[in-house]
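Colleague: just to be clear, the model below is a prediction. Sequence and coordinates:
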There are 2 protein chains.
Amino acid sequence: MRDFSTDHRWLSINTATVRKQGDLVEILDACARRGIRAVAPWRDQVATVGLDAAVRAVRAGELELSGYCRGGMFPADPSRAAEVRDDNRRAVDEAAALGAACLVLVVGGLPQFSRPGSAASKDIALARSQVEDGIAELLDYARNAGMPLAIEPLHPMYAADRACVNTMAHALDLCDRLDPGRTGSLGVAVDVYHVWWDPDLEAQIARAGSERLMAFHVCDWLVPTSDLLLDRGMMGDGVIDIPRIRGWVEECGFAGYSEVEIFSQSTWWEKPMGEVLDTCIERHRSVV
Amino acid sequence: MRDFSTDHRWLSINTATVRKQGDLVEILDACARRGIRAVAPWRDQVATVGLDAAVRAVRAGELELSGYCRGGMFPADPSRAAEVRDDNRRAVDEAAALGAACLVLVVGGLPQFSRPGSAASKDIALARSQVEDGIAELLDYARNAGMPLAIEPLHPMYAADRACVNTMAHALDLCDRLDPGRTGSLGVAVDVYHVWWDPDLEAQIARAGSERLMAFHVCDWLVPTSDLLLDRGMMGDGVIDIPRIRGWVEECGFAGYSEVEIFSQSTWWEKPMGEVLDTCIERHRSVV
């Protein structure tokens, strides 16, 4: 397992972590100034500054992208299939323009939440089949663009409204069916927040192997958690044994960035950007 | 699948559903007056009125107990093993005195939350082994008392603080190891709120079979959910396809009560007891 204690060369900052404190260009500048080598931006943040300005800021900071957030939200009314397809293809194109290591897929939940305006449904099995179909179609396009797709299983508490793929096992079943040759074009993003509770986690990480472990995200699970979406903790402030999970991932050959992704409405989004980034660096070295 | 539309003979009320509106005797009286035939009380509600008064109210209302809530909370400092053991034995004794169909086990999460004052730990695997040891020990006592134990897998969002058994598969693995003969002394409580998201649910219900399906709990998952613990929805107000899951359970031979268990701080706990119970009856007939 790599030693993170002496530097932060393997730290990446998901730019949602400081999304309230500045625009994407300001965030990338602040990261670069601290010697942070990688980031993972969100599409809405890129859209706000414009793709060209985002590309320039990435180059100016000599930054890598550990991932790009996000494609997905596949379940939708059938009449909106073209909209979903085109939206995801644009995400692939943006990821490629930015030089991202992968496009992270948050696959969507029930159609009324995945693509608001779609007819209400309680059929999660149907949503799951729409997800599989959507990834299958996008995969051809992404392969042509040279952009790997990373399915991110989300915590089961998001099954209805954000992602109906909620375990590593389910995500890897999709990978097995859609990319049986393990070509490196389809894999998973492992976010400790979403999967730490899974008794099958170690085995599923081993099953994934290095071809399919495309991203590793960290934050922490707080007790109590005051909000289902916006109360993620800074690494070390919660209950997740992050080094144990990182050890499992690295045993399988993952040697990429450890990406900090924290949505924290009442704590970290309220602090100055520099303080948050400095804390991420310190915790990356001490508790990840 | 049984037809629930013409009466509510298979409705049970978990008394936490109206815990803010009256004491246990008042709740049991209100249920009996409505022709509700079964309830599932909580230990703290029994303690408030006294076990003898609770037993008298159960008899006066000619009520069955679809379950008794709850034993468990096994992870703890080793020095507190006797306290945990004795507490759970008392729960078995109370359940037997009340004539409960089973004692529901909420197994506990990390020790500092399961039994406050225990040393802080991030080792969920260790907590899980403590749970297994605790159930194994309690099972002997419960068998002698003739009281079946029903492990309730809780939603993964409670893994840290309430229960580190979060899937049917995990609960049934415990059953297989601790009661390989399927004697009926150990099984599971299936609460749709906790397990609706699981892509493996239908298969695990089939695996459980009638010997191990000891309780069936209903409420609904709201989107958005404003609180991790206290924002459960009334059946029909959320996204869970309850009849589909009830169908799976009944296909396996489950023929017991459908127990309504709703913790709802800002909605249902704020309404008069009679209105809540009448709504449970109506929704039991129309959407369960």
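Modeller: Arrived safely. Numbers count the residues shown, from 1 in each chain, chains lettered A, B, ... in the order given.

Colleague: contact residues of the stretch 151-288 of chain A facing chain B?
Modeller: A:155-157, A:159-161, A:164, A:166-167, A:170, A:196-199, A:221, A:223-225, A:228, A:238-241 (C-beta under 8 Å from any C-beta of the partner chain). Every residue, glycine included, has its C-beta placed from N, CA and C.

Colleague: narrow the residues you listed to those in helices?
Modeller: Cross-referencing these against helices under DSSP state H gives residue A:170.

Colleague: tell me where chain A has strands.
Modeller: A:11-14, A:38-40, A:64-65, A:68-72, A:103-106, A:149-151, A:186-191, A:213-218, A:258-260 (DSSP state E).

Colleague: just the buried residues out of the residues of the stretch 151-288 of chain A next to chain B, in PyMOL syntax.
Modeller: Those of these that count as buried under 16 or more other C-beta atoms under 10 Å in any protein chain shown are selected in PyMOL with:
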select buried, chain A and resi 155+156+157+159+160+161+164+166+167+170+196+197+198+199+221+223+225+228+238+239+240+241
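
Colleague: ok so, going back, and residue A:273, which of the strands of chain A is closest to it?
Modeller: strand A:11-14 (10.3 Å; C-beta to C-beta).

Colleague: circling back to that earlier point, let's have the strands of chain A in JSON lines, adding distance to residue B:144, mean pLDDT and mean neighbour count.
Modeller: Putting the strands of chain A into JSON lines (distance: least, C-beta to C-beta, whole Å; pLDDT from 0 to 100; neighbours: other C-beta atoms under 10 Å in any protein chain shown) gives the following:
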{"stretch": "strand A:11-14", "distance to residue B:144": "55", "mean pLDDT": "98", "mean neighbour count": "29"}
{"stretch": "strand A:38-40", "distance to residue B:144": "57", "mean pLDDT": "98", "mean neighbour count": "27"}
{"stretch": "strand A:64-65", "distance to residue B:144": "62", "mean pLDDT": "98", "mean neighbour count": "19"}
{"stretch": "strand A:68-72", "distance to residue B:144": "53", "mean pLDDT": "98", "mean neighbour count": "27"}
{"stretch": "strand A:103-106", "distance to residue B:144": "51", "mean pLDDT": "98", "mean neighbour count": "28"}
{"stretch": "strand A:149-151", "distance to residue B:144": "49", "mean pLDDT": "99", "mean neighbour count": "28"}
{"stretch": "strand A:186-191", "distance to residue B:144": "46", "mean pLDDT": "98", "mean neighbour count": "27"}
{"stretch": "strand A:213-218", "distance to residue B:144": "48", "mean pLDDT": "98", "mean neighbour count": "26"}
{"stretch": "strand A:258-260", "distance to residue B:144": "52", "mean pLDDT": "98", "mean neighbour count": "27"}
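
Colleague: if I pick the spatially closest residue to residue A:122 that is not a sequence neighbour, what's in contact with it?
Modeller: Once flanking residues are discounted, residue A:122 sits nearest to residue B:241: 4.2 Å by C-beta to C-beta, 6 or more residues apart in numbering or on different chains. By C-beta atoms under 8 Å, 6 or more residues apart in numbering or on different chains, the contact list for residue B:241 reads A:122-124, B:196.

Colleague: do the same with residue A:26
Modeller: Each residue near residue A:26 by C-beta under 8 Å, 6+ apart is listed here: residue A:273.

Colleague: the one 4 residues further on too?
Modeller: Contact criterion C-beta under 8 Å, 6+ apart gives A:18, A:22, A:273-274, A:277 as the residues in contact with residue A:30.

Colleague: take those and write them to TSV, including pLDDT.
Modeller: Output for those, formatted as TSV (pLDDT from 0 to 100):
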residue	pLDDT
A:18	98
A:22	98
A:273	98
A:274	98
A:277	98
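
Colleague: among these, which lie within helices?
Modeller: Counting by DSSP H, the contacts of residue A:30 contribute A:273-274, A:277 to helices.

Colleague: out of the strands of chain A, flag the one nearest residue A:2.
Modeller: Comparing these by C-beta to C-beta, strand A:258-260 comes nearest, at 9.1 Å.

Colleague: could you dump the strands of chain A into JSON lines and include distance to residue B:56?
Modeller: Putting the strands of chain A into JSON lines (distance: least, C-beta to C-beta, whole Å) gives the following:
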{"stretch": "strand A:11-14", "distance to residue B:56": "59"}
{"stretch": "strand A:38-40", "distance to residue B:56": "62"}
{"stretch": "strand A:64-65", "distance to residue B:56": "68"}
{"stretch": "strand A:68-72", "distance to residue B:56": "57"}
{"stretch": "strand A:103-106", "distance to residue B:56": "54"}
{"stretch": "strand A:149-151", "distance to residue B:56": "57"}
{"stretch": "strand A:186-191", "distance to residue B:56": "53"}
{"stretch": "strand A:213-218", "distance to residue B:56": "55"}
{"stretch": "strand A:258-260", "distance to residue B:56": "58"}
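
Colleague: show me the one of those strands that comes nearest residue A:47.
Modeller: Comparing the strands of chain A by C-beta to C-beta, strand A:68-72 comes nearest, at 12.3 Å.

Colleague: CA atoms of that closest one as CSV?
Modeller: The C-alpha coordinates for strand A:68-72 follow below in CSV (Å, rounded to 0.1, in the frame of the first residue of the first chain):
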residue,chain,number,x,y,z
TYR,A,68,-15.3,13.9,-14.9
CYS,A,69,-18.7,14.1,-13.2
ARG,A,70,-21.0,13.0,-14.6
GLY,A,71,-22.9,11.0,-17.2
GLY,A,72,-25.9,8.8,-16.6
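
Colleague: can you tell me what sits against that strand?
Modeller: Against strand A:68-72 from outside (C-beta under 8 Å, 6+ apart): A:14, A:16, A:40-43, A:88, A:91-92, A:94-95, A:98, A:100, A:102-108, A:134, A:138, A:149, A:152, A:163.

Colleague: need the contact list for the closest residue in space to residue A:63 that isn't next to it in sequence.
Modeller: Excluding the flanking residues, the one nearest residue A:63 by C-beta to C-beta, 6+ apart is residue A:39, at 5.4 Å. For residue A:39, the contact set (C-beta under 8 Å, 6+ apart) comprises A:12-15, A:27-28, A:31, A:58, A:63-66.

Colleague: again, only using 6 Å
Modeller: Residue A:39 is in contact with A:13, A:15, A:31, A:63, counting by C-beta atoms under 6 Å, 6 or more residues apart in numbering or on different chains.

Colleague: against chain B, how distant is the third one?
Modeller: Right, residue A:31. Between residue A:31 and chain B the computed distance is 29 Å (C-beta to the nearest C-beta, to the nearest Å).

Colleague: that residue contacts residue A:13, doesn't it?
Modeller: Yes - between residue A:31 and residue A:13 there is a contact under C-beta atoms under 6 Å: 5.3 Å.

Colleague: buried residues, stretch A:5-19. List them.
Modeller: Neighbour-count burial for stretch A:5-19, counted by 16+ other C-beta under 10 Å, picks out A:8, A:10-19.

Colleague: same question but for stretch A:228-247, I mixed them up
Modeller: Across stretch A:228-247, burial judged by 16+ other C-beta under 10 Å covers A:228, A:231-235, A:237-242, A:244-246.

Colleague: kindly check the end-to-end length of that stretch for me.
Modeller: 27 Å (C-alpha to C-alpha, to the nearest Å).

Colleague: and if you look at stretch A:230-250?
Modeller: End to end - C-alpha to C-alpha - stretch A:230-250 spans 28 Å.

Colleague: can you tell if the lengthiest helix in chain A touches chain B?
Modeller: Taking DSSP H as the criterion, chain A has its longest helix at helix A:124-145. No - taking C-beta under 6 Å from any C-beta of the partner chain as the criterion, helix A:124-145 and chain B are apart, separated by no less than 6.8 Å.

Colleague: what's the angle from that helix to strand A:186-191?
Modeller: Inter-element angle recorded for helix A:124-145 and strand A:186-191: 110 degrees (by axes from the mean of the first three to the mean of the last three C-alpha atoms, to 10 degrees).

Colleague: report back the residue of chain A that's furthest from centre.
Modeller: The C-alpha centroid of chain A is most remote from residue A:79, which lies 28.0 Å away (C-alpha atoms, centre = their mean).
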